[in-house]
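[1] Please find the sequence and the predicted model below.
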Amino acid sequence: MSDCTRDEWMTIAASRLLENRAVCFVGIGLPSAACNLARLTHAPGIVLIYESGTIGTRPEVLPLSIGDGELAETAACVISLPEVFSYYLQAGRVDVGFLGAAQIDRFGNLNSTVIGSYDAPTTRLPGAGGAPEIAHHAKQVFVMAKASPRSFVEQLDFRTSAGYLDGHGARARAGASGGGPRAVITDVGMLAPHPETQELQLVALYADASVDEARAAIGWPLRVADHLDTIAAPTAHELNTLRALEARTREAHARPVHIPLPAEGLP
Amino acid sequence: MSDCTRDEWMTIAASRLLENRAVCFVGIGLPSAACNLARLTHAPGIVLIYESGTIGTRPEVLPLSIGDGELAETAACVISLPEVFSYYLQAGRVDVGFLGAAQIDRFGNLNSTVIGSYDAPTTRLPGAGGAPEIAHHAKQVFVMAKASPRSFVEQLDFRTSAGYLDGHGARARAGASGGGPRAVITDVGMLAPHPETQELQLVALYADASVDEARAAIGWPLRVADHLDTIAAPTAHELNTLRALEARTREAHARPVHIPLPAEGLP
Amino acid sequence: MHLSLADAIENFVADGTSLALEGFTHLIPFAAGHEIIRQHRRDLHLIRMTPDLVYDQMIGMGCARKLTFSWGGNPGVGSLHRLRDAVEHQWPNPIELDEHSHAGMATAFCAGASRLPFGVLRGYVGTDLPERNPNIRQITCPFTGEPLAAVPAINPDVTILHAQRADREGNVAIEGIIGAAREAALAAQTLIVTVEEIVDELPPAMNAIVLPHWIVSAVVHCPGGAYPSYAQGHYTRDNAFYQRWDAIARERDSFRSWMEANVIGARDHRTFLAGLQQAVS
Amino acid sequence: MHLSLADAIENFVADGTSLALEGFTHLIPFAAGHEIIRQHRRDLHLIRMTPDLVYDQMIGMGCARKLTFSWGGNPGVGSLHRLRDAVEHQWPNPIELDEHSHAGMATAFCAGASRLPFGVLRGYVGTDLPERNPNIRQITCPFTGEPLAAVPAINPDVTILHAQRADREGNVAIEGIIGAAREAALAAQTLIVTVEEIVDELPPAMNAIVLPHWIVSAVVHCPGGAYPSYAQGHYTRDNAFYQRWDAIARERDSFRSWMEANVIGARDHRTFLAGLQQAVS
């Protein structure tokens, strides 16, 4: 399956990290695709939670927003947002949290708040959302982000959520309960924390990528793990399942939506 | 209607204190009868909350327990107990709370915990339940209790919930948000706090009772208000409605209950 | 996941366990309480807002070392005589009390479910309870300086609930009066649920109360498991039994012989219910 | 109790009001937001976990002085360009930010609904937010000594929700994704609810989400009132509109002229919807 895109390969690589029956706190976009792909392939028992309070959802098509009706209709239950964050995430009931960000540093700390200064930003980003507490409480965090020196930076403009802070155990000393970012899945390969320094290093490459390509895309001097893995190419089953999911999604989102115009005489 | 019992008259006197559309936090026994009588006579818009989380209930018959199925089936909604206590009672959304107690003192403080010492009680009573926070937060509290020197005492063995504490504004200084006990309905008459000292004094008598009878039933030197009211006799409508409610209740509770024996072969 | 009641108690409830049987008047897990008595558990730390008859029976049979509670009576009837006997006369053994108000205990369960070490309420003003319970303290608002009450989280080793339905995966659906059952369930290390029915598919749930299968340690099919309490939609509360209990439990002898004949003498909950039915007819 | 949308906004939303339009992706009260724009309200303190398009429109039209929020994007699409323009270039006016995480803001709404002055969470560890927001502080557990985060309660002057149904008494029933709508409703001084339908009797409710009539200040019959957000069981989210909004809102001119033509130029929500439908067909 050499005709797949890096986006597809990234999604498939991420989906493989998810164990059956894992409880995942899912974000929109690539993580949502990866989690649902895992559910449709090797992990049918995976439990997907979206922060809109939909627990154990099994959507037919990928949602555009974190709270599409599809998520509620296919959920085991729909609970309030305070319950999701207190009784599930904070209570340590989430195995895997997925995060993305505009910036990530070498210790897996993330910025999704501002580029530039907080008070006079050049770019105001959406902000924290669920990220700080997902980063804090999920037993492990997977980050999905396309690599570029603009996003994989020496110094964050703002730290929205904690990875390993300054490394060397700083995260645990700060009292964070979850395990931190275990893998960063990019379009040039996969990074993971060094066991001692906790600095992100290159641990796996796509079969058609090189260490030089990875180094060029990362804004800090990237270290390479002693043992460098190759990320296996997508199987036909993985790729077909993903493409069918995305085709269903495109079709569903292209379906014209009925504007709910009230009958004459109603307000 | 001179053939009514003092229990009936007490219940009717209490029901008259309830305004239409008042939100009442109802206890089992006499308060439940008084609140439902009000609902069936002059206050059809009264909102009854039982601490089991049944909001806006309209039971056909009086419940035996605070959580009978009848309460859930006739409720506008059934919510969790933490919600009842946080989002409704503590939030100041309850107009009237009803309390009873084993002991009451001259400032309307109540004991439902122990007779004797806490560590080696002669009688262990059920305890606080919802009382401390009902006493604290309800905009006004009505107490219903039969009068006797054993229950209307100089000194409580234990203070379970606050009335006016030591009187003279002590309650407000302690930071209690609700208004405290506005009326104590007994079988010898009605007591209410003196506007300044906040000591409970006799403010109304049943038509066939006397100040001497009231004084004999109260364990502290009972003061009598400058203006002593007479509690009007039950009307035929009040008494008939109450008796019909109690007859329905007796009949419902006497109905034999089916023991839920599983079919053979089930566990 | 799906176990017999005897196995669920055997596997998860050891001597010394801190144990919450929740359900506010409704869905009280009587069958589970009886099985704990049959299996002769000791030194339990019992936790329940309203101990009800089920804890009266367990305390009277000597299962309990400590009780965390907020209202210990026979609802609508009067005293729990076995609880009183334990507190007043240390029979059959002394019992330590950790006593709260409903609001305080609800707050403590919420903190437990949220895995916070404590919860905050506007409560316990002007009461003697904080003098008697070091688990009721004060905290100051970091914004307004206002003093408020604080209680430590309750996190039982084991919570047992009774519910109407579970599916084969172990998702549990509860309908009707819920009390603090959801919070007690989510605060526990281990969650056991006895149910009226095991179904292929739960009713459509949207915002209903569902405990997902992956927080449930064991599901036990146990129809009638809440009797003499009730299961909304299945059977009603046996108010007459609650009234009869007053006479049964008043004296030690009548209590013991009733328990021997009906609970210890029955090999399981079905036999217990069959015995009661025979006595009625 | 039952009012027209214009009257409800006129009566309850004054300049300077602190105002929460809640609903998490689902049931966002767009019609109410548009009416506030039509009535030219100013200096509002807008409160909402996810500002969404409705606050992008209100901010772009100059209604807001301050924003309390936790995630300000166009869900699944990208930026809220009007919010960005206000923050980055103070257009059409500067906007003060009170910025939280979802967990922090949910905790603040819960504290507000409970009428506690603050709420506690295990949160904000290792983030720069507390440096930028004096509303994020620390508190120490009085039992364990552990430090935790504290946030002040949010108690809006006015909360506006959209819901599927109300009955004639004003009881409101909500189904589907609820977010922090219940807490925002119960935390407010005044609660306005626009609804798809007014019915004689609400569907059987047992444990459904119902806001009782006596906590509701006004009910407004406003079918389609959540469009382009959605109302579960009535109509679906117009994801394509959310995508189109990106281009409409990117430039000040295209934004203003769309708002003039579609919102200001429409006398009410029905006319707004009819205009969009005409444009589509």
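    Structure received.
[2] In this structure residue A:7 contacts residue A:187, no?
    Yes - Residue A:7 lies in contact with residue A:187 (C-beta atoms under 8 Å); the separation is 7.0 Å. C-beta here means a position set from N, CA and C on the backbone, and glycine is covered the same way.
[3] of these two, who's got more company?
    Set residue A:7 next to residue A:187 and count neighbours by other C-beta atoms under 10 Å in any protein chain shown: residue A:187 wins out with 20 against 14.
[4] tally of neighbours for the nearest residue in space to that one that is not next to it in sequence?
    Nearest non-adjacent residue to residue A:187, counting by C-beta to C-beta, 6 or more residues apart in numbering or on different chains: residue A:6, 4.3 Å away. Using other C-beta under 10 Å, the number of residues around residue A:6 comes to 15.
[5] SS state for the residue lying farthest from the centre of chain A?
    Going by C-alpha atoms, centre = their mean, the residue of chain A most distant from its centre is residue A:265, 47.5 Å out. Following DSSP: H, G, I helix; E, B strand; the rest coil, the label given to residue A:265 is coil.
[6] next one: residue A:21
    For residue A:21, the assignment made with three-state DSSP gives coil.
[7] where's it relative to residue A:44, distance?
    9 Å (C-beta to C-beta, to the nearest Å).
[8] Residue A:84 now?
    From residue A:84 across to residue A:44, the span is 23 Å (C-beta to C-beta).
[9] So between the two, which is more surrounded?
    A direct count of neighbours by other C-beta under 10 Å for residue A:84 and residue A:44 places residue A:84 higher, at 26 against 11.
[10] so what pLDDT did the residue nearest to that one when sequence neighbours are not counted get?
    In space, and not counting its chain neighbours, residue A:84 is closest to residue A:53: 5.0 Å by C-beta to C-beta, 6+ apart. We note a pLDDT of 93 for residue A:53 in this prediction.
[11] Name the spans of chain A whose pLDDT lies under the cut-off.
    Residue ranges of chain A with pLDDT under 70: A:1-2, A:266-267.
[12] And the strands in it?
    Assigned by DSSP state E, the strands in chain A fall at A:23-26, A:47-50, A:54-55, A:77-78, A:96-99, A:103-104, A:110-111, A:114-116, A:121-124, A:140-144, A:181-185, A:190-193, A:200-206, A:223-231.
[13] Output the contacting helices and strands for the first one.
    Meaning strand A:23-26. Packing contacts for strand A:23-26, counted by 3 or more C-beta pairs under 8 Å, 6 or more residues apart in numbering or on different chains; DSSP states H and E, involve helix A:30-40, strand A:47-50, strand A:96-99.
[14] mind checking which of the strands of chain A is nearest residue C:2?
    strand A:47-50 (18.7 Å; C-beta to C-beta).
[15] ok, that closest one: who's next to it in the sheet?
    Take DSSP bridges as the rule and strand A:47-50 pairs in its sheet with strand A:23-26 (parallel), strand A:54-55 (antiparallel).
[16] Pull out the buried residues from the biggest helix by length in chain A.
    Taking DSSP state H as the criterion, chain A has its longest helix at helix A:236-254. Residues of helix A:236-254 classed as buried by neighbour count (16 or more other C-beta atoms under 10 Å in any protein chain shown): A:238, A:239, A:241, A:242, A:245, A:246, A:249, A:252, A:253.
[17] and chain D, which of these reach it?
    residue A:253 (C-beta under 8 Å from any C-beta of the partner chain).
[18] give the contact list for the residue most central in space within chain A.
    The structure's chain A has its C-alpha centroid closest to residue A:98; by C-alpha atoms, centre = their mean the separation is 3.3 Å. Neighbouring residues of residue A:98 by C-beta atoms under 8 Å, 6 or more residues apart in numbering or on different chains: A:14, A:24-27, A:31, A:34-35, A:134, A:141-144.
[19] Which one (most neighbours) among those residues?
    That'd be residue A:35 among the contacts of residue A:98, by other C-beta under 10 Å, with 30 neighbours.
[20] Please enumerate the strands of the stretch 101-250 of chain C.
    Here the stretch 101-250 of chain C has its strands, by DSSP state E, counting those that start in this stretch, at C:118-121, C:137-140, C:147-152, C:158-167, C:172-174, C:190-199, C:209-211, C:218-221.
[21] Kindly state which of the ones you listed is positioned closest to chain B.
    If you check each of these against chain B by C-beta to the nearest C-beta, strand C:218-221 wins as the nearest, at 5.3 Å.
[22] Only C-alpha atoms, please: export that closest one in CSV.
    C-alpha atoms of strand C:218-221 as CSV (Å, rounded to 0.1, in the frame of the first residue of the first chain):
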residue,chain,number,x,y,z
ALA,C,218,-19.3,-7.4,38.7
VAL,C,219,-22.9,-7.7,37.6
VAL,C,220,-25.1,-10.2,39.5
HIS,C,221,-28.5,-11.2,38.2
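[23] Give me the contact list for it.
    In contact with strand C:218-221 (C-beta under 8 Å, 6+ apart) are residues B:266-267, C:1-5, C:8, C:11-12, C:32, C:166, C:170, C:172, C:190-195, C:197-198.
[24] picking that back up, and the strands of the stretch 101-250 of chain C, which one is worst for confidence?
    strand C:209-211 (a mean of 71).
[25] list the helices and strands that strand packs on?
    If you count contacts as 3+ C-beta pairs under 8 Å, 6+ apart, strand C:209-211 packs onto strand C:172-174, helix C:181-187.
[26] mean pLDDT lowest for which of these?
    strand C:172-174 (a mean of 88).
[27] what comes into contact with that one?
    C:27, C:161, C:163-166, C:181-182, C:193, C:195, C:202-203, C:205, C:208-211, C:213, C:216, C:219, D:207.
[28] Mind giving me the PyMOL select for the residues you listed, buried ones only?
    Buried residues among the contacts of strand C:172-174 (16+ other C-beta under 10 Å), as a PyMOL selection:
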select buried, (chain C and resi 27+161+163+164+165+166+181+182+193+195+202+205+208+209+210+211+213+216+219) or (chain D and resi 207)
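[29] Dump the strands of chain A to JSON lines, plus distance to residue D:106.
    Output for those, formatted as JSON lines (distance: least, C-beta to C-beta, whole Å):
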{"stretch": "strand A:23-26", "distance to residue D:106": "14"}
{"stretch": "strand A:47-50", "distance to residue D:106": "15"}
{"stretch": "strand A:54-55", "distance to residue D:106": "16"}
{"stretch": "strand A:77-78", "distance to residue D:106": "15"}
{"stretch": "strand A:96-99", "distance to residue D:106": "16"}
{"stretch": "strand A:103-104", "distance to residue D:106": "26"}
{"stretch": "strand A:110-111", "distance to residue D:106": "20"}
{"stretch": "strand A:114-116", "distance to residue D:106": "23"}
{"stretch": "strand A:121-124", "distance to residue D:106": "22"}
{"stretch": "strand A:140-144", "distance to residue D:106": "20"}
{"stretch": "strand A:181-185", "distance to residue D:106": "24"}
{"stretch": "strand A:190-193", "distance to residue D:106": "30"}
{"stretch": "strand A:200-206", "distance to residue D:106": "31"}
{"stretch": "strand A:223-231", "distance to residue D:106": "37"}
